[in-house]
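*Asks:* need a structure here:
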Amino acid sequence: MYRVRTQIHWEEALLQNITGRGVTAAVLDTGIAPHPDFDHRVLAFKDFMNGQRDLYDDASHGTHVCGILAGSGVASQGRYGGIAPNVNLVVGKILDSHGDGDVDTMQAGIDWVVENRERYHIRVLNISIGSIQQNSLSIEERLLDKIEEAWQAGIVVVTAAGNQGPRPMSISPVGVSGRVLTVGCHEGGYFDASKTNLCERYSGRGPSRYAMNKPDLVAPGTDIMSCNANFGKTWYGQEHAYMKKSGTSMSTPIVSGACALAIQKYPYASNDEIKKRILYSSVDMHIDWNQQGWGMVDIKRLLTEKD
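*Replies:* Alright, predicted model coming up:
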């Protein structure tokens, strides 16, 4: 995360003391472990898969995503802190231990977030899901309607472009809406081109059936170091507290964190206004639109550019 924050000029948030404090982000994923990097900032947890009450994550995906978005970095002396380290979290477990889920569970999770948006002051919803079980176009449209309901409720919805690229029209079903912020993956040339697992090579590409221009923007997503659900405690501190993962699932919470920072600075901005700020401040990498959208997220430009 240290190199990611450097790439997207996160230091500007530090200079302005903008950490996402007072903002709540909801995450629908595989759950969240009681990792020390989240201290007491998980306001609510609901398990749609197994009905458990205590925090847990049997796949580690959701914990990793939450760490990118909101981890404090306390177990790494700040090195692996997230983009918005003071954000509060509301987490719904809608995926099983294999990362699988279905449309009905996804819809139930979105309904729960919308119903509780005022109670927990939810301003951002992160959906780092590349694909979901669906059998027909009508089911996809039903899911799309539910996602757009969350947007209409005033929540900034940030979704993954998916990992089915580079073929055209490979955007994940959760990211095809023209309303939401759909995030692809790109490293902006940070790694040598010979690196074999660059997620920009398989990041979902537009267009979609519902929006000609997708993804909306990109963020780094290769070998991202973030919170590990299977950490251990020793006399010397945390053991295996962090792990690497790659994919658009990792890129998405970087943008969700950026949205939280923008919301702290502009608390009265609507979700549509936050979306515009995120997009207009992105850095054009001069590659195909259906690969990069508006470009790479940039925190410095986001927090300093005038209207």
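
*Asks:* which one's the longest helix in the protein?
*Replies:* Secondary structure of the chain per DSSP state H: the longest helix is helix 248-265.

*Asks:* Residue 126 belongs to a helix?
*Replies:* No: assigned with DSSP: H, G, I helix; E, B strand; the rest coil, residue 126 falls outside any helix and is strand.

*Asks:* Please point out which parts of stretch 269-278 sit buried.
*Replies:* 269, 271, 274-275, 277-278 (16 or more other CB atoms under 10 Å). C-beta coordinates here come from the backbone N, C-alpha and C atoms, glycine included.

*Asks:* Serialize those residues to TSV and add fields for distance to residue 45, secondary structure and pLDDT.
*Replies:* As requested, the buried residues of stretch 269-278 are exported to TSV (distance: CB to CB, whole Å; DSSP: H, G, I helix; E, B strand; the rest coil; pLDDT from 0 to 100):
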residue	distance to residue 45	secondary structure	pLDDT
269	28	coil	97
271	24	helix	97
274	25	helix	98
275	27	helix	97
277	30	helix	97
278	27	helix	98
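
*Asks:* Average pLDDT for the longest helix of the chain, rounded please.
*Replies:* Helix 248-265 carries an average pLDDT of 98.

*Asks:* likewise stretch 88-98?
*Replies:* 96.

*Asks:* tell me which element residue 5 falls in.
*Replies:* Following DSSP states H and E, one finds residue 5 within helix 2-7.

*Asks:* The closest residue to residue 98 other than its chain neighbours in helix, strand or coil?
*Replies:* Sequence neighbours aside, residue 59 is the residue nearest to residue 98 in space, at 6.9 Å (criterion: CB to CB, 6 or more residues apart in numbering). For residue 59, the secondary-structure state derived from three-state DSSP is coil.

*Asks:* how deep is residue 59 tucked in, by neighbour count?
*Replies:* 18 (other CB atoms under 10 Å).

*Asks:* Quickly name whichever of the buried residues of stretch 269-278 is closest to residue 165.
*Replies:* Residue 165 has its nearest neighbour among these in residue 278, at 21.5 Å by CB to CB.

*Asks:* quick one: the strands in the stretch 151-300 of the chain?
*Replies:* Ranges of strands in the stretch 151-300 of the chain, per DSSP state E, counting those that start in this stretch, are 156-160, 181-185, 217-219, 224-227, 232-234, 237-239, 242-245.

*Asks:* Show me the one of the ones you listed that comes nearest residue 13.
*Replies:* Short answer: strand 217-219, nearest of the strands of the stretch 151-300 of the chain by CB to CB, at 14.7 Å.

*Asks:* Centre of the chain to the closest one, how far?
*Replies:* Distance, stretch centre to chain centre, for strand 217-219: 11 Å (CA atoms, centre = their mean, to the nearest Å).

*Asks:* Then stretch 150-166?
*Replies:* 9 Å.

*Asks:* For that stretch, C-alpha coordinates in PDB please.
*Replies:* Taking C-alpha atoms only, stretch 150-166 is exported to PDB below (Å, rounded to 0.1, in the frame of the first residue of the first chain):
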ATOM      1  CA  ALA A 150     -28.500   2.500  -3.900                       C
ATOM      2  CA  TRP A 151     -27.200   5.400  -6.000                       C
ATOM      3  CA  GLN A 152     -30.600   7.000  -6.000                       C
ATOM      4  CA  ALA A 153     -30.500   6.800  -2.200                       C
ATOM      5  CA  GLY A 154     -27.500   9.100  -2.300                       C
ATOM      6  CA  ILE A 155     -24.700   6.600  -1.900                       C
ATOM      7  CA  VAL A 156     -21.600   6.600  -4.000                       C
ATOM      8  CA  VAL A 157     -21.500   3.100  -5.400                       C
ATOM      9  CA  VAL A 158     -18.000   1.900  -6.400                       C
ATOM     10  CA  THR A 159     -17.800  -1.400  -8.300                       C
ATOM     11  CA  ALA A 160     -15.100  -3.600  -9.800                       C
ATOM     12  CA  ALA A 161     -14.700  -3.900 -13.600                       C
ATOM     13  CA  GLY A 162     -14.000  -7.600 -13.200                       C
ATOM     14  CA  ASN A 163     -11.100  -9.800 -14.300                       C
ATOM     15  CA  GLN A 164     -12.400 -11.100 -17.600                       C
ATOM     16  CA  GLY A 165     -10.500  -8.800 -19.900                       C
ATOM     17  CA  PRO A 166      -9.000  -7.800 -22.200                       C
END
